[in-house]
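Student: Pasting the sequence and the predicted model now:
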Amino acid sequence: MPEPIQAPRITIRSAGIGDAAAITEAQVAAWQLAYRGIMPDRYLDDLSEEKAGATERRRLHIARPDDPRVFNLVAEYDGEVAGWLCAGPSRDDDRSATTGEIWAVYIHPDHWRSGVGSALMTVALQRLAEEGYTEAILWVFEENPGARRFYERFAWRPDGSSALFERGGGQAVEIRYHRLLP
């Protein structure tokens, strides 16, 4: 009789300061792959050299977020951190106090299309709703069709707002997505 197939286990939990290096690794790897052609290659390549500083900033952010309503989640895939999501109140001036925001979500490319991103998004949307938010926003590069398709599967839709994102000598248009919370 063949061996039973075991599905990998995805666990979502609150991030701790000990997760900072793995979060940074996932974020840098995701940026370098997903944003190639959107942001300058040199800027993306230099992210690898800046990991130590980014990890320390991430530790501080997790230990003392800018706003106490901000939360950081990690997804573990078979016990290893594979993704990170940060959410809290909307930072946009034109939104109400009942608007939450997905501030960041990054999945290590080794775990794209594994269910990690879906699990993180599901838990984050539930948590935003539990904290009293009635709607949520997020920002995504206009030229990132993979991320846009992912968000649209979760009922996110462009709301007509856009902004120019500038880093490392490059520019990219971000568009704001919106959705109601359950």
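Tutor: Arrived safely, thanks for sending.

Student: can you pull the buried residues of the helix or strand of the chain with the lowest mean pLDDT?
Tutor: When the helices and strands of the chain are scored by mean pLDDT, DSSP states H and E, helix 51-63 comes last with a mean of 91. Judged by neighbour count (16 or more other C-beta atoms under 10 Å), helix 51-63 contains these buried residues: 54, 55, 58, 59, 61, 62. Backbone N, C-alpha and C define where each C-beta goes, glycine included.

Student: With stretch 25-35 instead?
Tutor: 25, 26, 27, 28, 29, 30, 31, 32, 34, 35.

Student: Tell me the one of the buried residues of helix 51-63 nearest residue 101?
Tutor: Among those, residue 61 lies closest to residue 101 (C-beta to C-beta), at 15.0 Å.

Student: give me every residue that touches the closest one.
Tutor: Residue 61 is in contact with 72, 86, counting by C-beta atoms under 8 Å, 6 or more residues apart in numbering.

Student: all strands in the chain, in order from the N-terminus.
Tutor: Using DSSP state E, the strands of the chain run over 10-14, 71-77, 80-89, 99-107, 135-141, 157-167, 170-180.

Student: Out of those strands, flag the one nearest residue 49.
Tutor: strand 157-167 (15.0 Å).

Student: Any regions of this protein where pLDDT drops low?
Tutor: 1-8 (pLDDT under 70).

Student: quick one on the thing from earlier: and the buried residues of stretch 25-35, which is closest to residue 140?
Tutor: Among the buried residues of stretch 25-35, and counting by C-beta to C-beta, the member closest to residue 140 is residue 34, at 10.4 Å.

Student: Isn't the closest one up against residue 145?
Tutor: No - the pair residue 34 / residue 145 is not scored as a contact, 10.3 Å apart, by C-beta atoms under 8 Å.

Student: Pick out the residue nearest the middle of the chain.
Tutor: residue 105 (0.5 Å; C-alpha atoms, centre = their mean).
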